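S.K.: Pasted the sequence and its predicted model underneath.
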Number of protein chains: 2
Amino acid sequence: MTATHRQANGAHKAAIRQENEHLILAAAERVFADYGFKGATTARIAEIADVPKANVHYYFSTKEMLYRRIMEDVCSHWLDAAMTFDNSANPAEVLRGYIEAKMDLSRARPHGSRIWAHEIIRGAKFSSDYISTTVKSWLDSRVVVLNRWISEGKMDAVEPYSLMYMIFATTQHYADFARQIEIFNNDAPLSDAQFAEAKENVVRIILKGVGLS
Amino acid sequence: MTATHRQANGAHKAAIRQENEHLILAAAERVFADYGFKGATTARIAEIADVPKANVHYYFSTKEMLYRRIMEDVCSHWLDAAMTFDNSANPAEVLRGYIEAKMDLSRARPHGSRIWAHEIIRGAKFSSDYISTTVKSWLDSRVVVLNRWISEGKMDAVEPYSLMYMIFATTQHYADFARQIEIFNNDAPLSDAQFAEAKENVVRIILKGVGLS
DNA sequence: TTTTAACCTGACCAAACGGTCAAGATAAAT
DNA sequence: ATTTATCTTGACCGTTTGGTCAGGTTAAAA
């Protein structure tokens, strides 16, 4: 390979690194989603990523570091996509937009939701700090908005945390319990049309349930 | 020990067996709830049950058999307590009773709910038969009832499966995500009063959401 | 009292586990 | 052309894993 074929400034090496890290992270996301931290094995991650196990440890020194990286990726993605709780518009539109965004995220990235579920069920050993700071701040600020809407008589006087938990639970159920839903749906994954109907139903029931329709 | 001190007909041996099986099952429920099937270890189960590891294998030949037994226990308990979907009364009372029963079960036996969550997230490898037969039959029969109520104009024309999934998700969230709720509640578990308020909120929002209040 | 059947467990095993390492391959810099 | 830094990987290591087993204890039956 001559100099003219090479990319400038070591771009090839960087590309290799990016490619392999991406392969390993994608495989790890699947394996951690299926088995949780303890149940996942680096051998299985390597197998799915189609790289030797030693290569997994070359890019990510330990299983815990790989797990933490995955958690960070999942969280940042969620902060971007699922925390678009714009409080400038009217309550019904805001809640509808938020619920739809969370439903879409469950559909598009179910692995992230499942990793989160594993992590919380086990007791949030790795993420309790993150939850008690970043996530709690975000949630509390939304509760303030909800309470303002309630005091302005724009919606029913529901307990805001219960409402938020209901939205968390219902939307994430379509990712975490997708296999159960699939079985109930005669062993077929929900079609796009079925999922759209489910999404609309969730929005309708919750909006009406808090007096916003 | 004389004959008069002994219990009749080998009752003592049977009692020993029952006692130890119970100890091991209780410990296994906790460990499987925390780590799922793959992540759980028989050594940890033995440690929590306070019996030698070899004794765990004396009463339950393999980890898989112990897990299946736990799943059966969890399911039968749920069938008893959480499937009391009496369709003779009026819709609002029936739904309220069902939601309250599921919330109470999440509060009283969170481990069972978490084991179920692990099992489904992983793809229901051990339980897909049970879900596609017993549970699906139960669910489909309740959907028939909901559809009848809808056609009789007693409640809104919601998609019944979406509604049932919402109830599953929201009620089980209080077991599966108890740790997250605890952190949001300033690192304190929900008090009985807080839980009662949450339960009432869930009932109110769903009943109103489907036109039953 | 003797026999029998069930219970108990420390010690052990092969397999799987997370992680290491030396030695080679590749490509960028000199 | 040579050096240097990064990438690659089979082989390996100490530990943990699910599971076994021989030999013991206990209590019911004969």
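M.R.: It's in. What you see is a predicted model, and the numbers here were worked out from it, not measured in a lab.
S.K.: neighbouring contacts of stretch A:34-42?
M.R.: A:28, A:31-32, A:44, A:53, A:56-57, A:63-64, A:66-67, A:114, A:118-119, A:122, A:126, B:35-39, B:118, B:121-123 (CB atoms under 8 Å, 6 or more residues apart in numbering or on different chains). All C-beta atoms are positioned from the backbone trio N, CA, C, and that covers glycine.
S.K.: Tell me if it is near DNA strand C.
M.R.: Yes. Stretch A:34-42 comes into contact with DNA strand C (CB under 7 Å from any atom of the strand), by way of A:40, A:41, A:42.
S.K.: Could you list the alpha-carbon positions for the helix or strand hosting residue A:65 in PDB?
M.R.: If you go by DSSP states H and E, residue A:65 is part of helix A:63-82. The C-alpha coordinates for helix A:63-82 follow below in PDB (Å, rounded to 0.1, in the frame of the first residue of the first chain):
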ATOM      1  CA  LYS A  63     -16.400  -6.100  32.100                       C
ATOM      2  CA  GLU A  64     -17.400  -3.500  34.600                       C
ATOM      3  CA  MET A  65     -15.800  -0.700  32.500                       C
ATOM      4  CA  LEU A  66     -17.700  -2.000  29.500                       C
ATOM      5  CA  TYR A  67     -20.900  -2.100  31.500                       C
ATOM      6  CA  ARG A  68     -20.400   1.500  32.800                       C
ATOM      7  CA  ARG A  69     -19.800   2.700  29.200                       C
ATOM      8  CA  ILE A  70     -23.000   1.000  28.000                       C
ATOM      9  CA  MET A  71     -24.900   2.600  30.900                       C
ATOM     10  CA  GLU A  72     -23.600   6.000  30.000                       C
ATOM     11  CA  ASP A  73     -24.500   5.600  26.400                       C
ATOM     12  CA  VAL A  74     -28.000   4.400  27.300                       C
ATOM     13  CA  CYS A  75     -28.500   7.300  29.700                       C
ATOM     14  CA  SER A  76     -27.300  10.000  27.400                       C
ATOM     15  CA  HIS A  77     -29.500   8.700  24.600                       C
ATOM     16  CA  TRP A  78     -32.400   8.800  26.900                       C
ATOM     17  CA  LEU A  79     -31.600  12.300  28.100                       C
ATOM     18  CA  ASP A  80     -31.600  13.400  24.500                       C
ATOM     19  CA  ALA A  81     -34.700  11.500  23.200                       C
ATOM     20  CA  ALA A  82     -36.900  10.800  26.200                       C
END
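S.K.: And for the closest residue to DNA strand D within chain A, the neighbour number?
M.R.: Residue of chain A nearest DNA strand D, by CB to the nearest atom of the strand: residue A:54 (2.9 Å). Here the number of neighbours of residue A:54 (other CB atoms under 10 Å in any protein chain shown) works out to 9.
S.K.: Contacts only, for residue A:102.
M.R.: Counting by CB under 8 Å, 6+ apart, residue A:102 touches A:82, A:167, A:168, A:171, A:172.
S.K.: how about a cut-off of 10 Å?
M.R.: A:78, A:81-85, A:113, A:167-168, A:170-172, A:174-175, A:199, A:202 (CB atoms under 10 Å, 6 or more residues apart in numbering or on different chains).
S.K.: Who wins on neighbours among these?
M.R.: Most neighbours among the contacts of residue A:102, by other CB under 10 Å: residue A:202, with 29 neighbours.
S.K.: Give me the nearest residue to that one, chain neighbours excluded.
M.R.: residue A:170 (5.6 Å; CB to CB, 6 or more residues apart in numbering or on different chains).
S.K.: Would you check the distance separating the helix or strand of chain A with the lowest mean pLDDT from the middle of the chain?
M.R.: For chain A, counting by mean pLDDT, DSSP states H and E, helix A:63-82 ranks last in confidence among helices and strands (a mean of 89). Remark: helix A:63-82 is offset 8 Å from the chain centroid, using CA atoms, centre = their mean, to the nearest Å.
S.K.: List the buried residues for that helix?
M.R.: Under the neighbour-count criterion of 16 or more other CB atoms under 10 Å in any protein chain shown, helix A:63-82 has A:63, A:66, A:67, A:69, A:70, A:71, A:74, A:75, A:78, A:82 buried.
S.K.: Next: stretch A:93-111.
M.R.: Across stretch A:93-111, burial judged by 16+ other CB under 10 Å covers A:94-96, A:98-107, A:109-111.
S.K.: closest to DNA strand C among the residues you listed?
M.R.: Ranked by distance to DNA strand C (CB to the nearest atom of the strand), these are led by residue A:111 at 17.8 Å.
S.K.: Wait, the closest one touches residue A:105, no?
M.R.: No. Checked against CB atoms under 10 Å, the pair residue A:111 and residue A:105 is beyond contact range at 11.2 Å.
S.K.: Common neighbours of these two, please.
M.R.: With CB under 10 Å, 6+ apart, residue A:111 and residue A:105 have common neighbours residue A:175.
S.K.: quick one: the helix holding residue A:65 near DNA strand C?
M.R.: Yes. Shown here: helix A:63-82 in contact with DNA strand C (CB under 7 Å from any atom of the strand) through A:63, A:64.
S.K.: In terms of pLDDT, where does residue A:1 sit?
M.R.: On the pLDDT scale, residue A:1 is placed at 37.
S.K.: Where does the residue of chain A closest to DNA strand D sit, in terms of helix or strand?
M.R.: Secondary structure (DSSP H and E) places residue A:54 in helix A:53-59.
S.K.: circling back: other SSEs contacting the helix holding residue A:65?
M.R.: For helix A:63-82, the elements it packs on are helix A:11-39, helix A:42-49, helix A:53-59, helix A:91-108, helix A:110-121, helix A:128-130, helix A:160-176, judged by 3 or more CB pairs under 10 Å, 6 or more residues apart in numbering or on different chains; DSSP states H and E.
S.K.: tell me the angle of it relative to helix A:110-121?
M.R.: 110 degrees (axes from the mean of the first three to the mean of the last three CA atoms, to 10 degrees).
S.K.: quick one: helix A:63-82 near DNA strand D?
M.R.: No. On the criterion CB under 7 Å from any atom of the strand, helix A:63-82 is out of touch with DNA strand D, staying 12.1 Å away.
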